[in-house]
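Novice: this one's structure only:
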C-alpha cells in the first residue's frame, strides 16, 4: 500500500509541475501578444500583408529551386542509367515538367517585382508616348 501511495504522490507532483509549466507558457505567450501589438500597429494591414506574401514567396522559390534540382538530378540519372525505354520516356517527361514549373514560379516573381511599382496605389496610368 505504501508503494502505491508513493507512486500516486509522485504522479500528483508531476502533474502539478506540468500544469504549472503549461500555465507559465500560456501566460508568456499572452504577454508576448500584448507587447507586440503596438509595434505591429505602425503598418497598415496591406503593407504587412504584402511583406508576408513577399517573404512566403521568397521561401517558396528557394525551396522549389532545391526540390527542382534534386528531382531533375534523379530524372537525369534514370534517363542515363535505365535500359527500359518506357522509364527513359517517363524521366524525360518529368524533366520537362520540372523545368516548366520552375520557370513559371520564377517568372511570376519577376512579373510581380516589375509590375507592382507600375500599379502601386491603384493609380495605373499607361504611358502616352509612342
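Specialist: Great, that's in hand. Just so it is clear, the model here is predicted, and its values are computed rather than measured. Residues are numbered from 1 along each chain as shown.
Novice: and the helices in the protein?
Specialist: 2-40, 45-81, 85-119 (DSSP state H).
Novice: just checking, what packs against the shortest one?
Specialist: So that's helix 85-119. Helix 85-119 sits against helix 45-81, with contacts defined as 3 or more CB pairs under 8 Å, 6 or more residues apart in numbering; DSSP states H and E. In short, each C-beta sits where N, CA and C put it, glycine included.
Novice: how far out from the middle of the chain is the helix it packs on?
Specialist: Distance of helix 45-81 from its chain centroid, counting by CA atoms, centre = their mean, to the nearest Å, is 10 Å.
Novice: return the helix or strand in the protein with minimum mean pLDDT.
Specialist: helix 2-40 (a mean of 75; mean pLDDT, DSSP states H and E).
Novice: centre of the chain to it, how far?
Specialist: Worked out by CA atoms, centre = their mean, helix 2-40 lies 30 Å from the chain centre.
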